[in-house]
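quick one: sequence plus predicted model below, questions after.
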Amino acid sequence: MADLFDTNATDAPKPGPRPLADRLRPRALSEVIGQAKAIGPDGPLGAMLASGQLASLVLWGPPGVGKTTIARLLADHTQQEFVQISAIFSGVPELRKVFDAAKLRRQTGRGTLLFVDEIHRFNRAQQDSFLPHMEDGTITLVGATTENPSFELNAALMSRAQVIVLERLTLADLELMAQRAEQELGRALPLDGPAREALLDMADGDGRAGLNLIEQVMGWQVKGKLDRTALSQRLMRRAAQYDKSGDAHYNLISALHKSVRGSDPDAALYWLARMIEGGEDPRYLARRMVRMAVEDIGLADPQAQAVCLDAWNTYERLGSPEGDLALAQAVIYLALAPKSNAGYVAWKGAQKLAKQTGSEPPPKHILNAPTGLMKEQGYGAGYAYDHDAEDGFSGQNYFPDGVPRPVLYQPPERGFERDLGKRLAWFAKLRAKRGG
């Protein structure tokens with residue numbers, strides 16, 4: 001009978017099964033899929049490693065593109081100790097222990113590559129705690145984030161770390177990953193061509209999710225190959241990556257706004273649908289659409305603002321999903337409306353002029369004179385009542401004395417502003433004629 005305490009006993013516990021994503025983890029940077037721009041010979045990481053110098057980094061990219069794997073491989077390549085922490089579960093006490101251990105390790109001549117997952121979740125003080133240890137070489141910091149570092153990391157940390165942008169995986173990248181999985185498992189996916197493409201599409205650019213889906217499909221007991229319909233009955237598409245308070249939120253609303261500005265109703269509808277499907281508050285979208293109407297359409301189509309407000313009001317009465325259609329129709333209207341930022345530019349010019357002229361008073365002839373003293377001071381003297389003037393236009397000056405008359409509003413030859421431009425030209429002609 002084998003000794004229960006004999007470590008060489010034949011019944012010693014065996015290691016458990018490893019997930020496919022872990023078994024296929026690259027063992028060299030050259031095996032990393034989809035990030036040639038960053039780690040290739042001409043990429044920032046490739047050039048850095050070729051020089052023999054690894055600086056502190058921030059790896060910015062969506063989930064499942066290899067941030068943790070790249071950090072591990074960088075530690076192996078530079079022969080540093082790999083230490084991993086997560087900003088979600090770590091605080092000041094944990095950081096202090098990591099720094100103390102790195103200092104002891106440095107005394108023995110070994111460096112430390114500290115990988116911080118979700119680094120954007122650390123507050124400003126916690127981010128600042130890395131700085132002295134980065135500067136004296138105690139650690140080489142490699143942070144990972146799915147959020148825009150420009151917004152989420154403080155300037156001091158950003159100045160000491162190079163940002164490396166990692167891209168979501170393409171279908172071709174995911175296909176290569178699937179082929180590696182088939183080689184590892186020794187058999188092909190039980191899917192026909194369209195179903196295989198649908199499976200990779202379900203990963204939505206996330207390599208880890210793709211391998212998990214592949215592992216799940218490989219575990220099915222099926223005869224022959226499944227088609228797209230059979231696959232969709234067994235698997236549900238992953239929810240699109242969308243963070244209502246994060247980088248995706250700002251990227252998608254920018255895409256929607258610029259699609260409207262670019263008069264592309266199809267693209268505008270697509271980005272509107274992406275945001276609503278991602279869980280965005282339709283009221284936020286309604287408010288942004290009103291902004292688009294006043295900022296990018298303005299008086300070229302005065303009705304655009306009313307259309308947006310009516311759509312907003314309709315949504316408030318109906319809610320989702322019926323009210324979403326009102327927002328979609330408003331987006332179509334905005335995209336096809338004539339575009340003009342003349343009012344926006346005029347307003348910015350007026351604000352700039354107001355700051356430059358300070359407290360200059362209005363000309364006295366347009367001031368009311370309710371008291372005798374004010375009349376003696378010349379208030380209201382020489383004021384021309386426009387309704388009594390020929391054509392209902394006196395042509396008087398309404399700017400402060402000594403302030404040259406500017407031209408702030410310049411309507412383009414588009415939409416309703418074409419008519420407004422004609423009115424402006426007519427008034428300018430009358431003003432010149434009457435010496436205003």
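Received, thanks.

give me the below-cutoff pLDDT ranges for this protein.
Within the chain, the stretches with pLDDT under 70 are 1-16, 237-247, 435-436.

so what are the domain limits for it?
As given by automatic domain parsing, the domain ranges for the chain are 35-165, 171-234, 247-336, 360-434.

any idea which of those gets closest to Pro19?
Checking those against Pro19 by CB to CB gives domain 171-234 as the closest, at 6.8 Å. For every residue, glycine as well, the C-beta is placed using N, CA and C.

and the closest one, end to end?
21 Å (CA to CA, to the nearest Å).

again with stretch 128-139
Using CA to CA, one end of stretch 128-139 lies 14 Å from the other.

buried set for it?
Within stretch 128-139, the residues scored as buried using 16 or more other CB atoms under 10 Å are 130, 133-134, 138-139.

can you check stretch 303-322 too?
304-305, 307-308, 311-312, 314-315.

the domains of the chain into TSV, with extra columns for distance to Asp22?
Putting those into TSV (distance: least, CB to CB, whole Å) gives the following:
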stretch	distance to Asp22
domain 35-165	10
domain 171-234	9
domain 247-336	27
domain 360-434	59
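
where along the stretch 151-300 of the chain do the strands fall?
Per DSSP state E, counting those that start in this stretch, the stretch 151-300 of the chain carries strands over the ranges 162-165.

just the helices in the stretch 251-400 of the chain please.
Taking DSSP state H, counting those that start in this stretch, the helices of the stretch 251-400 of the chain run over residues 265-277, 282-292, 303-318, 322-336, 342-357, 372-376.

I'd like those written out as JSON lines, with distance to Asn397 added.
Shown next, in JSON lines, are the helices of the stretch 251-400 of the chain (distance: least, CB to CB, whole Å):
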{"stretch": "helix 265-277", "distance to Asn397": "44"}
{"stretch": "helix 282-292", "distance to Asn397": "34"}
{"stretch": "helix 303-318", "distance to Asn397": "31"}
{"stretch": "helix 322-336", "distance to Asn397": "38"}
{"stretch": "helix 342-357", "distance to Asn397": "14"}
{"stretch": "helix 372-376", "distance to Asn397": "20"}
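
out of the buried residues of stretch 128-139, who's nearest Ala47?
Using CB to CB, the buried residues of stretch 128-139 come closest to Ala47 at Met134, 20.3 Å.

what's the most distant pair in the buried residues of stretch 128-139?
Phe130 and Thr138, at 9.8 Å, using CB to CB across the buried residues of stretch 128-139.

Leu424 is nearest to which of the helices of the stretch 251-400 of the chain?
Per CB to CB, nearest to Leu424 of the helices of the stretch 251-400 of the chain: helix 342-357, 10.6 Å.

I would like the residues contacting the closest one, please.
For helix 342-357, the surrounding residues in contact (CB atoms under 8 Å, 6 or more residues apart in numbering) are 294-296, 298-300, 400, 403, 406, 408-412, 417.

who wins for neighbours among these?
Within the contacts of helix 342-357, most neighbours by other CB atoms under 10 Å means Gly298, with 27 neighbours.

how close does that residue get to Val290?
Computed as CB to CB, to the nearest Å, the Gly298 to Val290 distance reads 12 Å.

ok, Gly207 next?
Taking CB to CB, one finds Gly207 at 40 Å from Val290.

what number of residues lie near Phe89?
Phe89: 10 neighbours (other CB under 10 Å).
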